[in-house]
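J.: mind looking at a prediction? Sequence and model below.
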Amino acid sequence: MSLSRNAPLTTFIQCLHASISTQRRVFLPTTVSTKKSRSKAKLKPKPKSKPKADAQLGSTSTQLKPVKNAQQPLDESSPFLSHANESRSKVHRAQQPPSQIQVSPANAKEAANGTSKLATDSKVKVKPTGPPAQPSAPPAAVSSSSSRKTAKQSKKEQKLQLLDRIFTAAKEERTAAENINNTSNATKAEALQALISDLKESYTAEKAVSDLDERSESPGKDISLGPTSYLRRIEGFLKPSADEPVMQDLAPPSEQKSIARLAHGLDRVLFNPGVYWLQDPRSRVYNFPPWIQTIPKVQDFAFDRVEGFVTSSVDTDLKTLAKQSHARYTGSTSSLTGMLSQIYLMLSRERNIDASTMSAAFSKEPVCFTPGQKFPVAVKLNYEDGIYSTDSVAGESSVGDRNVLSWMGTMLEKFLTLPEEEFKLLQRTSPASLYQKDGKREAYRFVKTGKYVMRSQLDCYDPRLPGTGIFDIKTRAAMPIRHDILNYEENSGYHIDKQHGLIESFEREYYDLIRSAFLKYSFQARIGNMDGVLVAYHNTARIFGFQYIPLEEMDQRLYGNKHAGPLVFEKCVAFLEVIMDEITHHFPEQTVRCMWDAEPENGALNIWIQPNGWVGLGESPMVELKIIARNYVDDKYVEGWKVADHLPDQAWSVNYEILTSSSDQHDIRERYRQAVEKQNYIFDLPSGVNINEMEELWQQMDFGGNGAPLSPFKPEMFRKPGYSTKMKRKLALEGKERLERLEQESIGKPVVVYDAVDLSGLEVVQPSESSTVA
């Protein structure tokens, strides 16, 4: 049985009674809190007799779902705790929450007597790693059967005492509930939370007693409470001002190229909200030079003539700046945004996007992030000379270098910022001798924040924009291309011909951008101190239009509040530094690989760490961290998805715990394997290609043309296209037919270009009968 967040307290007590009457698994309530009395009063044991069932509580016990076995970890979604995440208000409890309790055989017995003392350390608590003391051997004169009988009788008496106590507590809580109903909503929430917290503490203590009894026959084995057991615990607060980093620009050590400017009159897009059609679909008038409508084939671009991507670990400028500024970590936007996104999902509990500006066609569409946005991310921390450089690691099923969109993004950046004559020098049809490299690096921004030095590539610049005038260029392929990437040539017939609608519209692409890319775009823009992003919508063969999206607009769509973005970014960056310190603590001065997987529904983040290039015996050791975050606004607990509604007027703090799992390596690796499986992506076979032919096609997909090592072929990565994929391919074929008809109708008609475009040196050629569809 699951309970809503508005369930009355009596329902909690009914569930409590059900758990007793069905599985005899009981709570040990060591404390009871009410509005009148918040003192931690210990309950005195009653006579060892089974209490009579309360008529009101027992009336629904048979309809309720039994509580899980006490050895199972305490589930935050349990009906007993469904109010807990709503009402953690006021201040951090002086006593540790039960998820933080370290239980030993000694204090487990104290818990059974109602005298357990909970730890109150708010910094670091380390669980002893050595084995517990071995119990003394039983006297030889006592038979094993007699010992088992005595132990069984003792356990029975202990449970009877617990049963008696729980019924006494239930009656007191029912009285407290009646008092709560007569108070205001705020007081009710506060008192209710106190009761729930006490139940949680009692449940954890009773579990420890049960575990101790059941494991007493396994001497030397450590007590484990699943997620509530840990080897190390860190707790702290990220406060509004003192803990949030200040970004400091650093001068680049090497000479850089000038930041590019838009070509072809595209700068007009920067100052006009909404989408700018490249060619108006009704009048067929071009708003920009017709030459940029047709995208060159990516195989014809000479990628070796432009500077390739430089990872953080081999960027000498980044390392130099880190040493000069005494930083410990470095990273580029490509490796940092994945981790920052995982942190945001944890903090916000995956807040829904703001789709209020979408048309009625999207009223029933999802308002959560796409599965791809929530995929776990893998990173590698490369250690060298006191500095950890962060590099992203592709998933096992990633197409990587065979992703045509990655190569096309690099090409289109040059396509949109260089005049036609200069761009043609970068094509393979032009002799390499005609293009001379100047030896300068691409333009980057380097910034220091806390212990991190970050790098962001600066794509484009216009002095008329607010702030620095810098913005990013993003090329966005249409929906069928992104969902069916290996069939991109056939899907290039998909045509965008309207502003609004579920398919074949700019609105569809914008909606998908919000759910799948805005979070990454906004983090990248802030690292680079940019004003926004220019998006070019295309289908790999044609460009349909352009849209400039300021950073404030992305913030509004993500957080429902255009002022929340800077605070969210600062909090995520501060949290990243705290997590990195804990990761490197476990494997100091070593290169390690990490997997990050957020649990938004629980406000948690899991990280698995293992050394890179392990040379010891057996498998490399693996450490599992669980990070738990709780949000406070003006010192009152607030759910993650509500925080942005209070910003920036109220102070936002985050209470966090970092727990190092005490599970054995087998269990840790199993959870890691499950996270890796979430990264796996199955690709649809292209039209007319079977699995045997796919391997040959796979080897031919060398878009870079530089002979670099390519990702291996794995048959399990592919499947036959399903219904959804077939429908998208059908749309692409229909779009191609419509475009062919339009081209036929335009034969003999003049090509009209909006006169605001600078056409100096441009030769406009009318289509002929032999014109082909791009």
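T.: Happy to help now that I have it. Note that the coordinates shown come from a computational prediction; the quantities given were computed from them, not determined experimentally.

J.: what sits against the closest residue in space to Asn612 that isn't next to it in sequence?
T.: The shortest distance from Asn612 to any non-neighbouring residue, by Cβ to Cβ, 6 or more residues apart in numbering, is to Thr591 (4.3 Å). Where you see a C-beta, it was placed from the backbone N, CA and C, and this is true even at glycine. Thr591 makes contacts with 380-383, 611-613, as judged by Cβ atoms under 8 Å, 6 or more residues apart in numbering.

J.: rerun at 6 Å
T.: 382-383, 612 (Cβ atoms under 6 Å, 6 or more residues apart in numbering).

J.: what's the closest of those to Phe569?
T.: Asn382 (24.8 Å; Cβ to Cβ).

J.: wasn't that closest one part of a strand?
T.: Yes - assigned with DSSP: H, G, I helix; E, B strand; the rest coil, Asn382 falls within a strand.

J.: what's across from it in the sheet?
T.: Ser389 (DSSP bridges).

J.: which residues does it contact?
T.: So Asn382 contacts 313, 389, 591 (Cβ under 6 Å, 6+ apart).

J.: distance of it from Tyr444?
T.: 19 Å (Cβ to Cβ, to the nearest Å).

J.: same check on Val246?
T.: 20 Å.

J.: next one: Asp664
T.: 45 Å.

J.: more neighbours: which of the two?
T.: Tyr444 (22 against 10; other Cβ atoms under 10 Å).

J.: wait, doesn't the more buried one sit right on Arg455?
T.: Yes - between Tyr444 and Arg455 there is a contact at 5.4 Å, judged by Cβ atoms under 6 Å.

J.: need the strands for the stretch 401-550 of the chain, in chain order.
T.: Taking DSSP state E, counting those that start in this stretch as the test, the strands found in the stretch 401-550 of the chain are 444-449, 452-457, 460-461, 470-477, 532-538, 543-550.

J.: put together a markdown table for these, with mean pLDDT on each row.
T.: As requested, the strands of the stretch 401-550 of the chain are exported to a markdown table (pLDDT from 0 to 100):
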| stretch | mean pLDDT |
| --- | --- |
| strand 444-449 | 96 |
| strand 452-457 | 96 |
| strand 460-461 | 97 |
| strand 470-477 | 97 |
| strand 532-538 | 98 |
| strand 543-550 | 98 |
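
J.: so which of those is nearest Met595?
T.: strand 452-457 (20.3 Å).

J.: Leu412: what's its closest spatial neighbour, skipping adjacent residues?
T.: Thr475 (4.5 Å).

J.: Trp614 now?
T.: Nearest non-adjacent residue to Trp614, counting by Cβ to Cβ, 6+ apart: Ser620, 3.3 Å away.

J.: residues contacting that neighbour?
T.: Counted by Cβ under 6 Å, 6+ apart, Ser620 has contacts 610-611, 614.

J.: and these, which is the shakiest by pLDDT?
T.: Comparing pLDDT over these, the lowest score belongs to Trp614 (85).

J.: so what's the residue count around it?
T.: 13.

J.: pLDDT weak spots in the protein?
T.: 1-228, 241-245, 395-400, 705-710, 755-774 (pLDDT under 70).

J.: my guess is Glu350 meets Pro600, correct?
T.: Yes - Glu350 lies in contact with Pro600 (Cβ under 6 Å); the separation is 3.6 Å.

J.: before we move on, the earlier item: which residues does the residue nearest to Leu412 bridge with?
T.: Counting by DSSP bridges, the residues bridging with Thr475 are Ala536.

J.: residues near it, how many?
T.: By other Cβ under 10 Å, neighbour count at Thr475 equals 21.

J.: could you check how far it is from Arg508?
T.: Applying Cβ to Cβ to Thr475 and Arg508 gives a distance of 17 Å.

J.: again, but for Ile607
T.: For Ile607 relative to Arg508 (Cβ to Cβ), the value is 35 Å.

J.: the more surrounded of these two?
T.: Comparing Ile607 with Arg508 by other Cβ under 10 Å, the one with more neighbours is Ile607, at 24 against 21.

J.: and that one, what are its bridge partners?
T.: Bridge pairing for Ile607 - DSSP bridges - gives Trp596, Leu625.

J.: for it, give me its contacts.
T.: 594, 596, 625.

J.: do you know how far it is from Glu599?
T.: When Ile607 is compared with Glu599 (using Cβ to Cβ), they lie 11 Å apart.

J.: what do you get for Ile496?
T.: 37 Å.

J.: who has more neighbours, these two?
T.: Neighbour count, other Cβ under 10 Å: between Ile496 and Glu599, Ile496 has more, with 26 against 18.

J.: which residues does that one contact?
T.: By Cβ under 6 Å, 6+ apart, the neighbours of Ile496 are 504, 544.
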